[in-house]
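# I would like to see how this sequence folds:
(one chain, ligands or ions: 1)
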Amino acid sequence: MPETGGMTATFLPAPSAPAAHGERGSYWITTFGCQMNKADSERMAGILESMGYREASGELEADLVLYNTCTIRDNAEQKVYSYLGRQAQRKRTNPNLTLVVAGCVAQQEGESLLRRVPELDLVMGPQHANRLDVLLAQVEQGQQVVATGEHHILEDITTARRDSAVCAWVNVIYGCNERCTYCVVPSVRGQEQSRLPEAIRLEMEGLAAQGFKEITLLGQNIDAYGRDLPGITPEGRRQHTLTDLLQAVHDVDGIERIRFATSHPRYFTERLIDACADLAKVCEHFHIPFQSGDDAVLKAMARGYTVDRYRRIIERIRQRMPDAAISADVIVAFPGETDAQYRRTLALIEEIGFDQVNTAAYSPRPNTPAATWPDQLPEAVKVERLQELNALVERKAKERSARYDGRLEQILVEGTNPKDATQVMGRTRTNRLTFFPADRGDGRHWQPGDLAAVRIDAVRAFSLSGSAELA
Ligand code: SF4
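You can find the predicted model right below:
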């Protein structure tokens, strides 16, 4: 999951299946922000469906509207307020409408959200996602509920509703104990809480039984996985690490591919790299945010590593997996960032040759140290740096894409190309989106979940096209 990027609103698709039980009205969820939020939304949709809600055909038709919010960027936060204004107006003529704000804005604003939008029924932080049914029961008794306290996250593996029938996210650790000076996540998502490997494996087995083929293990800082769990090995190291988890879930039958995100360069180990190289289902794609190419800026961000350490991680990955794709997150125009420091970020992107980079200009977030620093940079500098950076990221992505030209790639089919119904789309193991004709040439069509060998004949910065070869 990007730490700084991906701030688009996600709308759960139009209704497909009727409610599992009973009839309680319809719901609509709009999700802002990162993969953690998307995974939470899927679980909350699952809970609503098990309560008897069915999905609405549109936001303005729904009896229950839930905004799962993001506070990493100001524009995502502002969008929530404008959406809420519209719903608050609806509620004035339709008192049976239930309005819920979940996610990071809810956690950050708490009760003050109720003061700002008194029509709200429920304000709930991300740690409470699995308790949506309990909280709604309180709402049904006529209460206005705010649930933002520190909460031990309950295991809930039975009700998730997934947006894809092929690829699923599985949370392995919630929260973050880091204190990056620009980031609101620790204050809104709380302390790290790792799930037990047995529970994660059980969830993956259930997903495999439902036909899912690809799992992305998720954590805000996934390399921290297990450090809050007890247990020391006979060799004296922690019993539960991400490496151990990958080894413990690798052989789940039916799962073809495993990914994980988001990695932190401070904790990314050689042992993990070696395990990824040795475990056949772990895909050769690593999302490792570097945030800045300058050591002084990294120190001000409290990231806990140097540019050199980052380089060594990438070198080691490429020694063991020469074709590995590397993606990252970067922030430019951090408070006090000089032109020379910014140029070092560009130089690092040039040197590493990333397959994809989520870029952001720094934006001050409430309750974070960097927001209070006096040396904030002007908007014009932010815009200029971001534009130059984006052009470089695209040029390097295109250079990286060129290596696929003419190659035979294994593609896991995810569905139909929304822009061309004669094509299907899927991803390479290295996570490049790839399009090819749906018609197999043997009277059948490629289906979601199929693995196809595709000869690539067109490369673009962030996607590929080709045609499948039948064995
Ligand atoms: S590692 Fe840093 S940037 Fe990532 S979630 Fe934790 S505090 Fe935020």
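
# tell me the mean pLDDT for the helix ranked longest in the chain?
Identified as the longest helix of the chain according to DSSP state H is helix 379-401. Averaged across helix 379-401, the pLDDT comes to 96.

# identify the residues contacting that helix?
With Cβ atoms under 8 Å, 6 or more residues apart in numbering as the test, helix 379-401 has contacts from 325, 330, 332-333, 342, 345-346, 349-350, 353-357, 359-362, 432, 459-464. Yep, even glycine has a C-beta here, placed from its N, CA and C like the rest.

# buried ones among those?
For these, a neighbour count by 16 or more other Cβ atoms under 10 Å gives the buried set as 325, 330, 332-333, 342, 345-346, 349, 354-357, 359-362, 432, 459, 464.

# so for the helix or strand harbouring residue 202, mean pLDDT?
According to DSSP states H and E, residue 202 maps onto helix 197-209. Mean per-residue pLDDT for helix 197-209: 94.

# which neighbouring elements make contact with it?
strand 167-174, strand 214-219, helix 242-249 (3 or more Cβ pairs under 8 Å, 6 or more residues apart in numbering; DSSP states H and E).

# how about these, which one is nearest the ligand?
strand 214-219 (9.2 Å; Cβ to the nearest ligand atom).

# quick one: check the closest one for contact with the ligand.
No - applying Cβ under 6 Å from any ligand atom, one finds that strand 214-219 is not in contact with the ligand, the shortest distance being 9.2 Å.

# what's in contact with that strand?
For strand 214-219, the surrounding residues in contact (Cβ under 8 Å, 6+ apart) are 1, 35-36, 39, 166-174, 200, 204, 207, 225, 242, 245-246, 249, 255-262, 412.

# so how far is the ligand from residue 128?
19 Å (Cβ to the nearest ligand atom, to the nearest Å).

# oh, I was asking about residue 111
Residue 111 is 24 Å from the ligand, by Cβ to the nearest ligand atom.

# repeat that for residue 47.
25 Å.

# can you read off the pLDDT for that residue?
At residue 47, pLDDT is 91.

# got it, and residue 76?
Looking at residue 76, its pLDDT reads 69.

# low-confidence ranges, the stretch 101-250 of the chain, go.
150-163 (pLDDT under 70).

# contacts only, for residue 210.
Counting by Cβ under 8 Å, 6+ apart, residue 210 has no contacts.

# just checking, what packs against the host helix or strand of residue 85?
Using DSSP H and E, residue 85 sits within helix 74-93. Counting contacts by 3+ Cβ pairs under 8 Å, 6+ apart, helix 74-93 packs against strand 26-32, strand 64-69, strand 98-102.

# just the angle between that helix and strand 98-102, please?
160 degrees (axes from the mean of the first three to the mean of the last three Cα atoms, to 10 degrees).

# next, the contact list for residue 457, please.
405-406, 465-467.

# ok, 7 Å please
By Cβ atoms under 7 Å, 6 or more residues apart in numbering, the residues touching residue 457 are 465-467.

# can I assume it sits in a strand?
Yes - assessed with DSSP: H, G, I helix; E, B strand; the rest coil, residue 457 lies in a strand.

# the ligand versus that one, what's the distance?
Distance, residue 457 to the ligand, by Cβ to the nearest ligand atom: 39 Å.

# show the pLDDT at that residue.
At residue 457, pLDDT is 97.

# make 45 the starting number, not 1.
From this message on, residue numbering opens at 45, which makes the last subject residue 501.

# quick one: contacts of the helix holding residue 246?
Here helix 241-253 makes contact (Cβ under 7 Å, 6+ apart) with 199, 201, 212, 214, 216, 259, 284, 289, 292-293, 296-299.
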